[in-house]
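Q: What follows is a predicted protein model with its sequence.
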Amino acid sequence: MKKLLLLALAACLPFTAALAQYEIFYGTLDGTAMSVGINKVIDVPVWIKTDGANLVDSVAFLHNPLASNDAIIVVRSGGALVPPFIPYGSPTIPGWDDLSFLPPDADAGGFTNQSIFGFSEVSGPAPFTPPVNTNGLPLLLGYFRMTTANDPGLIGTTPCPFQEGDQTINHTHLWGNQFGTVQWVPIQHYSCLYFSPNQPPEWTSDPADVNAVTCAAEYEVSFALSGTDVDVDNTLHITGPYGFDVSGTGGVVAGVFTYVFTADFNGTLTFNLTDGTETLPLDVVVNVDVLNTEVPLTGTLEIGCVDNFPGGTVLLPINLDNSCLVGGFELLINYDPTALSFVPSGTDWTLRTNDGNEYHNQILNPVGLGTVRFVWVADINNGVPGVPMGAGSGAILWLTFHISSDLPFGMVIPVEFLITDYTDNTISDETGYDFVHPTLVNGCVRTVNPDDLKGDPNMNCVFYEIADAVLVAQRLIEGYGVWATDDGWGMSPDCSTDTHYDGNDPAQEAAADLNNNGFADVADLVRFINIINGFVFPKLDPATGTATISMGNGAVTINSGLEVGAALVRINGDITATSANGMDMLVSHANGITSVLVYSLAGNRISAGSSTLFTYTGEGSIVEVSASDAYGRLLDSAARPVLPTQFAVQQNYPNPFNAKTLINFDLPVQSDVTISIYNIAGQLVETINGNYEAGHQQVTWNASDVASGVYFAKVATGDNAQTVKMTMLK
């Protein structure tokens, strides 16, 4: 709808002089036909050119409808845009705000059109969102992607299937300038299609780049190459450097390129697949350093040390620093099974081991409880070349352990290399002749007190900084899953250990929970903001104030006897929050629920009494509210929505959840309600009974004493009952 309104406004703009040369090219720039095949996906280039005599006006919005003949083009599937119309990959050059392919639209006379439509800037300031002036030179906009008909009668012909489209609402071509004062209808150029009798061959292999350092006098590079051709009568050839030449008939060709490098090589090997008529190149980047030294393979194996609190899960790295190529390793690890539980499914074979290819294995308890053996071989001589591990340093394995919940804080649990045999904890070079016992460095898991982490939810070892407050705000609006977004970031500059490992989410939740009620809430956010802004308050008793929140007539209002520092409102419905009365606002839409967080990083407050919290458009009903006073104390908050007309149960929130979640339901009249919690096996876990007034009700289920998994909450009253599925993660 936004696009339609903007285009309607554009229609009121004056046209520029008729002699202005604004042009668009569909296909080739020189007017020659594009060579295609039947039943093929093709990309039709789209080029635009602005008037070389007008360097003031740039194109800031455009509508380009391309119609194609239904007898020749059978599928229109959008396409691809290129910079500057899409981001370059730099946050400072984001590309156009709103540019996309509209859905296909039927035209008269057996044609169907599809449009590229968009604006360089839709709203707000426009830095780094440039309109386009090509200075009289053609500039690639992108490609229309479409599929040709499977009609043998087209072979050898040159039809011209393209023309200007007439989109139902936006109609024909239209461009406009960056000031919103001038519009143009570009001159259009359409290429024809030549359906070649010959179908080009296709590569069916894509070898990975080769990066290797060998201490030996030579290094063998080997990889498979293959191609196909729908013209089965053609003889296919693959040619390449060092005399490589294989051929095949029946539309198939395959071979293995092998070459032994005896000196350094850093460059590109180009291979060509040809059917005698058309040739397709394929580049493989090869970087090989042949050291040819008398120094054998050396290395250091090191197990990391990580922190988490009792009951948490840690990801522990095993690192290898190796001087030359490694073709395999055998490791034996020992740990205390009363303190740590190894999670076999959590083992991650890293990119250094080619994700475990070609062979890997882990053996549990090979020499007793608390032991694990890991074996990896790069190439098992199965006819498919394997890639050895390159020289360098980094993780080869990540091991997952669960820490026993009854351990004390400050405990150091060793995780060590164990040697019971001469082959334990050894590595080999890529030839298999150089067998090495590397230096071994043992690791550990340390238990920490969650209270030691309070004030640092982003785990960068800098406490009570603005980034912590921003992250807590995101946690409130997006849910518990926000903590997982930092998994795998590695060590922060100010930390001595890696605090961003998978499974540290409960530690981050504890670090955000400044009021010690078991989870992050709006009161915690206000406390972060107060501390960051230097607002020092005396120790206060819990707040006794209340806050009631209601919605209607396009506004959500709050009534409180105390100043309000932040409020969180969740609404069943897809509303659009428009303003927050001078406060900051975050909005999220998920699973039919709109979440709106109103707060202020500058420490602004909402006055006591009745105030507008935020305005909105759309329809919905409040399902959850929470509010904090200006000192970071939770208020007794309640919603005053319209009474429901029928019994209904909403999805619990948050979901997934950790320890606690809210079960929400609607009652048209005051009722006795029974909430029965079942596990995945259908066993009754807990029953919650109560009498509730008519309205939107919510009940907190504390699941801290049950295991992670899927649970079902059956909410029943009288003859009515509904069930929701819940997921608990620890």
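A: Sure, I can see it.
Q: Report the beta-bridge partner residues of L174.
A: For L174, the residues forming beta bridges with it (DSSP bridges) are H63.
Q: Test for you: state the pLDDT assigned to it.
A: We note a pLDDT of 90 for L174 in this prediction.
Q: Roughly how far does it sit from T235?
A: Separation of L174 from T235 (C-beta to C-beta, to the nearest Å) stands at 51 Å. C-betas here are computed from N, CA, C, even on glycine.
Q: average pLDDT across the lengthiest helix in the chain?
A: Among the segments of the chain that qualify as a helix by DSSP state H, the longest is helix 466-478. Within the predicted structure, the mean pLDDT of helix 466-478 is 88.
Q: Same check on stretch 134-141?
A: What stretch 134-141 shows for mean pLDDT is 87.
Q: what does stretch 722-730 give?
A: Averaging pLDDT residue by residue across stretch 722-730 gives 89.
Q: which residues touch that stretch?
A: Contacts of stretch 722-730 with the rest of the structure, by C-beta atoms under 8 Å, 6 or more residues apart in numbering, involve 311, 480, 505-506, 647-652, 655-659, 661, 663, 665, 701, 703, 706-715.
Q: one more time with 7 Å
A: Taking contacts as C-beta atoms under 7 Å, 6 or more residues apart in numbering, the residues outside stretch 722-730 that touch it are 506, 648-649, 651-652, 655-658, 661, 703, 706, 708-715.
Q: Restricted to buried residues, select those in PyMOL.
A: The buried subset of the contacts of stretch 722-730, as determined by 16 or more other C-beta atoms under 10 Å, is captured in PyMOL by this line:
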select buried, resi 506+648+649+651+652+655+657+658+661+703+706+711+713+714+715
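Q: So which of the contacts of stretch 722-730 belong to strands?
A: When these are checked against strands (DSSP state E), the matches are A648, V649, T661, G709, V710, Y711, F712, A713, K714, V715.
Q: from those, which single one is nearest D584?
A: For the ones in strands among the contacts of stretch 722-730, the closest approach to D584 (C-beta to C-beta) belongs to T661, at 26.6 Å.
Q: Quick check: V706 vs G690, distance?
A: For V706, the distance to G690 equals 20 Å [C-beta to C-beta].
Q: oh sorry, the question was meant for Q651
A: Here the criterion is C-beta to C-beta. By it, Q651 lies 20 Å from G690.
Q: do A627 as well
A: Taken as C-beta to C-beta, the span from A627 to G690 is 24 Å.
Q: Between those two, which is the more surrounded one?
A: When A627 is set against G690 and neighbours are counted by other C-beta atoms under 10 Å, the residue ahead is A627, at 31 against 11.
Q: ok, now which ones touch the more buried one?
A: With contacts defined as C-beta under 7 Å, 6+ apart, A627 is in contact with V522, A547, I558, S560, V564, A567, L635, S637.
Q: model confidence over the helix or strand where it lies, on average?
A: Element membership of A627 [criterion: DSSP states H and E] is strand 621-629. What strand 621-629 shows for mean pLDDT is 90.
Q: where do the helices sit along the chain?
A: Taking DSSP H as the criterion, the chain contains helices spanning 2-10, 466-478, 505-512, 522-532.
Q: what's the spacing between the shortest one and its chain's center?
A: Relative to its chain's centre, helix 505-512 lies at 22 Å (C-alpha atoms, centre = their mean, to the nearest Å).
Q: again with the second one
A: Helix 466-478 sits 19 Å away from the centroid of its parent chain (C-alpha atoms, centre = their mean).
Q: Repeat that for the last one.
A: On the basis of C-alpha atoms, centre = their mean, helix 522-532 is displaced by 29 Å from the centre of the chain it belongs to.
Q: quick one: it to helix 505-512, angle?
A: Taking axes from the mean of the first three to the mean of the last three C-alpha atoms, to 10 degrees, helix 522-532 and helix 505-512 form an angle of 60 degrees between their directions.
Q: tilt between helix 522-532 and helix 466-478?
A: Direction vectors for helix 522-532 and helix 466-478, defined by the same axes, to 10 degrees, enclose an angle of 160 degrees.
Q: What distance do you get for M459 to Q508?
A: For M459, the distance to Q508 (C-beta to C-beta) stands at 6 Å.
Q: higher neighbour count, those two?
A: Set side by side, M459 and Q508 show unequal neighbour counts under other C-beta under 10 Å, the larger going to Q508 at 26 against 23.
Q: Does the more buried one touch W483 like I think?
A: Yes. The pair Q508 and W483 qualifies as a contact (C-beta atoms under 7 Å) at a distance of 4.3 Å.
Q: quick one: which of the contacts of A627 sit in strands?
A: Using DSSP E, the members of those that fall within strands are A547, I558, S560, V564, A567, S637.
Q: so can I have a markdown table of the residues you listed showing distance to G251 and neighbour count?
A: Formatted as a markdown table, the ones in strands among the contacts of A627 follow (distance: C-beta to C-beta, whole Å; neighbours: other C-beta atoms under 10 Å):
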| residue | distance to G251 | neighbour count |
| --- | --- | --- |
| A547 | 73 | 25 |
| I558 | 71 | 24 |
| S560 | 76 | 24 |
| V564 | 73 | 27 |
| A567 | 67 | 27 |
| S637 | 70 | 22 |
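Q: which one of these is nearest T112?
A: Distance from T112 was checked for each of these by C-beta to C-beta. The minimum falls on A567, at 50.3 Å.
Q: That closest one and S600 touch, don't they?
A: No. With the criterion set as C-beta under 7 Å, A567 and S600 do not qualify as a contacting pair; they are 11.1 Å apart.
Q: Can you list the residue ranges for strands in the stretch 1-150 of the chain?
A: Counting by DSSP state E, counting those that start in this stretch, the segments of the stretch 1-150 of the chain that form strands are 23-26, 34-36, 41-49, 59-69, 73-81, 98-101, 105-106, 111-119, 139-148.
Q: Sheet partners, orientation included, of the last one?
A: Using DSSP bridges, the neighbouring strands of strand 139-148 in the sheet come out as strand 41-49 (antiparallel), strand 73-81 (antiparallel).
Q: Would you mind finding the most buried of these?
A: strand 41-49 (a mean of 18; mean count of other C-beta atoms under 10 Å).
Q: I'd like the ones in strands among the contacts of A627 as CSV, with distance to E416 and pLDDT appended.
A: Output for those, formatted as CSV (distance: C-beta to C-beta, whole Å; pLDDT from 0 to 100):
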residue, distance to E416, pLDDT
A547, 55, 87
I558, 57, 91
S560, 57, 87
V564, 54, 92
A567, 51, 93
S637, 52, 86
